[in-house]
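K.L.:
sequence-free structure coming up:
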């Protein structure tokens, strides 16, 4: 059989009960704050913002890498333009603009 005798005084028992009530009240307050709709919405918003920031950061790094790669095709390591690559691209671009202009004139006329 278990020993059911309690050697605490009534004052000690009351103090223990008060302490346990205080701890329980703090726990219930914390649960109430965590389950409050504003807290839940705020946490959800924070997660979304974090995910968007992370995604935008990755996109920025990816775009920056592509821009650097393209720049590397038209500029040498010293920063001088590579005319052997720029001139053909410029000729193609001018040709496309000319074709677009011709096409729009034919539709109007």
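P.N.:
Happy to help now that I have it. If you're wondering where the values come from, they're calculated on a predicted model, not measured in any experiment.

K.L.:
let me see the mean pLDDT of the helix or strand harbouring residue 16.
P.N.:
According to DSSP states H and E, residue 16 maps onto helix 10-35. Average pLDDT, helix 10-35: 95.

K.L.:
helices or strands up against it?
P.N.:
For helix 10-35, there is no helix or strand it packs on, judged by 3 or more CB pairs under 8 Å, 6 or more residues apart in numbering; DSSP states H and E. Glycine gets a C-beta too; all of them are placed from N, C-alpha and C.

K.L.:
check which element follows it along the chain.
P.N.:
Past helix 10-35, the next helix or strand by DSSP H and E is helix 37-74.

K.L.:
what's the angle between that following helix and helix 10-35?
P.N.:
50 degrees (axes from the mean of the first three to the mean of the last three CA atoms, to 10 degrees).

K.L.:
by contact count, what packs against helix 37-74?
P.N.:
Secondary-structure packing of helix 37-74 (3+ CB pairs under 8 Å, 6+ apart): helix 83-108.

K.L.:
what sits against the residue most central in space within the chain?
P.N.:
Nearest to the geometric centre of the chain sits residue 53, at 2.5 Å (CA atoms, centre = their mean). Residues counted as contacts of residue 53 (CB atoms under 8 Å, 6 or more residues apart in numbering): none.

K.L.:
please report how far it lies from residue 43.
P.N.:
Plainly put, residue 53 is 16 Å away from residue 43 if you go by CB to CB, to the nearest Å.

K.L.:
pull the distance from the helix holding residue 16 to the chain's centre.
P.N.:
Averaging C-alpha positions (CA atoms, centre = their mean, to the nearest Å) puts helix 10-35 39 Å from its chain's average.
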